[in-house]
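Visitor: model this:
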Amino acid sequence: MYKNLRSFLEILQQEKELKIINKEVDAYLEIAKIHREEIKNKGKALLFTNVKNSKFPVVTNLFGLEKRIELAFTNIQEKIQKMVDIATNLLEKPSVKTIWDNKNIFKTLLNLQPKYISPKKAKVLEKTISPVNLKKLPITTSWEKDAAPFLTLPLVYTRHPYLKQTNLGIYRMQVLSPTTTGMHWQIHKGGGFHYYIAEQTNQDLPVNVYLGGPPALILAAIAPLPEGISELMLAAFIMGEKIQITKTKYSNYPIISEAEFLLLGKVKPYIRCKEGPFGDHYGYYSLKHEFPVFEITKIFHRKNAIYPATVVGKPKQEDFYLGNYIQKIFSPLIPFLMPGIEAIWSYGQTGFHPLTAAIVRESYEREALTHAFNILGNGQLSLTKFLILIDKKIDLEKFKEVFQYALTRFQPESDFIILSNTSMDTLHYTGG
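Guide: The predicted model follows:
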């Protein structure tokens, strides 16, 4: 698998899935416009080598096609299915033979902890931008009404102030000044939860922000992991080898050595700044809201660093393809982790959160309702706005078939249930 961004780009070039653009382009609107045209035509990943007012190239549309996602993450669903089968067999009939026959799998699972290397070997620490100045980076602006440039693929790493739990998540970051950005994390996200705990005791929360690195980090950062499960360990599982990390005197956190850029800093308690508007999913602008402020103290980068970005908007964008892929690879875990629920599918055409369908067991009257509460109580699924439950094995990706089956059996007086005042994501229409 790929231990860094550039090794993935090499394969994309070999597979003729990378378009290199040497003509000068502007990070303000132009890159995003070219990106949208390319993804609309099911085109290639884009490497812009000549970005106006920046020495760093920009890469976008890495995952804007199923083929490129398959190139990035090979056989992951099969590996997860095998783990589920082994766990199921052990629960049903514990056996030393089963453990022995699958010893390589158990050895792999026990060998996922990151590997420390010397700081001198850490590529991300090769160069610095001093004094700190975000204007040196080719941070893109995607839409005309965006309040400022946004980092759209930052890997934000935090740690619980008192526990060993860590979190790696992707949260957009609006540039506020050469040394500060907004931090768009919410309380139900891992980073937002860590900040909430720190704020309750009036502590600064240290933050490492990575740009680039192994593609597995991006998949792990957006995966629906339970609280406390390390995204770095999931990334190692996806890669089939340990994540290389190192130490630096500038951070209490481990440093991911193969990243392209590293932004070190902190988020202070009770400091907020207006963030937005932002051209969000499905043709909407997120309105201005107050969010915490990330203060940057150091910027590191590797030699000849490449800046990764993405664009969100009306389907189909990269988030659509990645969202569908994550659902597929984690589908074997659903019956194992949520007994009585055979399959779940959220529809990217609606933005995932608005519409979800599930195949559930109903061995007694209204059992389906208990499964509904189970689904709505799990992570990002708690943001579901409309949930359809059926009891027949149907390919949930084929919504027309799901809806037709549900309608033929739907009795609104008993089957249509409204739950008010539940968790909702903030996505507002402003004429985008």
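Visitor: could you list the low-pLDDT ranges of the stretch 51-200 of the chain?
Guide: 89-92, 98-110, 187 (pLDDT under 70).
Visitor: quick one, strands of it?
Guide: Per DSSP state E, counting those that start in this stretch, the stretch 51-200 of the chain carries strands over the ranges 58-60, 115-116, 127-128, 150-151, 155-159, 166-170, 173-177, 180-182.
Visitor: what about the ones you listed, which gets the closest to Tyr284?
Guide: Nearest to Tyr284 among the strands of the stretch 51-200 of the chain is strand 150-151; the distance by C-beta to C-beta comes to 15.1 Å. For glycine as for every other residue, the C-beta is placed from the backbone atoms N, C-alpha and C.
Visitor: and that closest one, which strands flank it?
Guide: strand 173-177 (antiparallel) (DSSP bridges).
Visitor: next, the buried residues of the partner strand.
Guide: Met173, Gln174, Val175, Leu176 (16 or more other C-beta atoms under 10 Å).
Visitor: next: stretch 384-391.
Guide: Under 16+ other C-beta under 10 Å, the buried positions of stretch 384-391 are Thr384, Leu387, Ile388, Leu389, Ile390, Asp391.
Visitor: low-confidence stretches in the stretch 251-400 of the chain?
Guide: For the stretch 251-400 of the chain, counting by pLDDT under 70, not a single residue falls below.
Visitor: for this structure, longest helix please?
Guide: helix 76-92 (DSSP state H).
Visitor: circling back: need the strands of the stretch 51-200 of the chain in CSV (columns: distance to Leu219).
Guide: Formatted as CSV, those follow (distance: least, C-beta to C-beta, whole Å):
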stretch, distance to Leu219
strand 58-60, 16
strand 115-116, 20
strand 127-128, 27
strand 150-151, 18
strand 155-159, 11
strand 166-170, 10
strand 173-177, 20
strand 180-182, 24
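Visitor: ok, which of these comes nearest Glu78?
Guide: strand 166-170 (24.2 Å).
Visitor: dump that closest one to PDB, restricted to CA.
Guide: The C-alpha atoms that make up strand 166-170 are tabulated as PDB, following Å, rounded to 0.1, in the frame of the first residue of the first chain:
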ATOM      1  CA  THR A 166      -7.000  10.300  20.300                       C
ATOM      2  CA  ASN A 167      -8.900  11.500  17.300                       C
ATOM      3  CA  LEU A 168      -8.000  12.200  13.700                       C
ATOM      4  CA  GLY A 169     -10.800  13.900  11.800                       C
ATOM      5  CA  ILE A 170     -11.400  16.200   8.800                       C
END
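Visitor: now the helices for the stretch 151-300 of the chain?
Guide: 190-200, 215-222, 231-239 (DSSP state H, counting those that start in this stretch).
Visitor: with the stretch 1-150 of the chain instead?
Guide: So, for the stretch 1-150 of the chain - with DSSP H, counting those that start in this stretch - the helices run 5-14, 30-40, 66-72, 76-92, 96-101, 103-109.
Visitor: that older thread, ok now the longest helix of the chain, how far from the chain's centre?
Guide: Between the centre of helix 76-92 and the centre of its chain there are 24 Å (C-alpha atoms, centre = their mean, to the nearest Å).
Visitor: now that helix and helix 231-239, what's the angle there?
Guide: 110 degrees (axes from the mean of the first three to the mean of the last three C-alpha atoms, to 10 degrees).
Visitor: buried residues in helix 76-92, which are they?
Guide: Buried residues in helix 76-92 (16+ other C-beta under 10 Å): Ile76, Lys79, Ile80, Met83, Val84, Ile86.
Visitor: surely Asn324 forms part of a helix?
Guide: Yes - according to DSSP: H, G, I helix; E, B strand; the rest coil, the state of Asn324 is that of a helix.
Visitor: just list the residues touching it, thanks.
Guide: Contact analysis of Asn324 by C-beta atoms under 8 Å, 6 or more residues apart in numbering lists Gly348.
Visitor: how far away is the spatially closest residue to Arg302 that is not a sequence neighbour from His301?
Guide: Distance criterion C-beta to C-beta, 6 or more residues apart in numbering; nearest residue to Arg302, sequence neighbours excluded, is Lys123 at 4.2 Å. Counting by C-beta to C-beta, to the nearest Å, the gap from Lys123 to His301 is 9 Å.
Visitor: compare these two (neighbour count), which wins?
Guide: His301 (25 against 22; other C-beta atoms under 10 Å).
Visitor: and the longest helix of the chain, what does it pack against?
Guide: Here helix 76-92 touches helix 96-101, helix 103-109, helix 318-330, helix 333-337, going by 3 or more C-beta pairs under 8 Å, 6 or more residues apart in numbering; DSSP states H and E.
Visitor: can you give the contact residues for the last one?
Guide: The reference is to helix 333-337. Under C-beta under 8 Å, 6+ apart, the answer for helix 333-337 is Ile80, Val84, Ala87, Thr88, Ile341, Glu342, Ala343, Ile344.
Visitor: which one of those is nearest Lys127?
Guide: Out of the contacts of helix 333-337, the member with the shortest distance to Lys127 (by C-beta to C-beta) is Ile80, at 37.6 Å.
Visitor: contacting residues around the residue nearest to the closest one when sequence neighbours are not counted?
Guide: Spatial nearest neighbour of Ile80, chain neighbours left out: Pro332 (5.3 Å); criterion: C-beta to C-beta, 6+ apart. Pro332 sits next to Gln77, Ile80, Gln81, Val84 when contact means C-beta under 8 Å, 6+ apart.
Visitor: wait, which of those residues is closest to His160?
Guide: For these, the nearest to His160 is Ile80 (26.3 Å; C-beta to C-beta).
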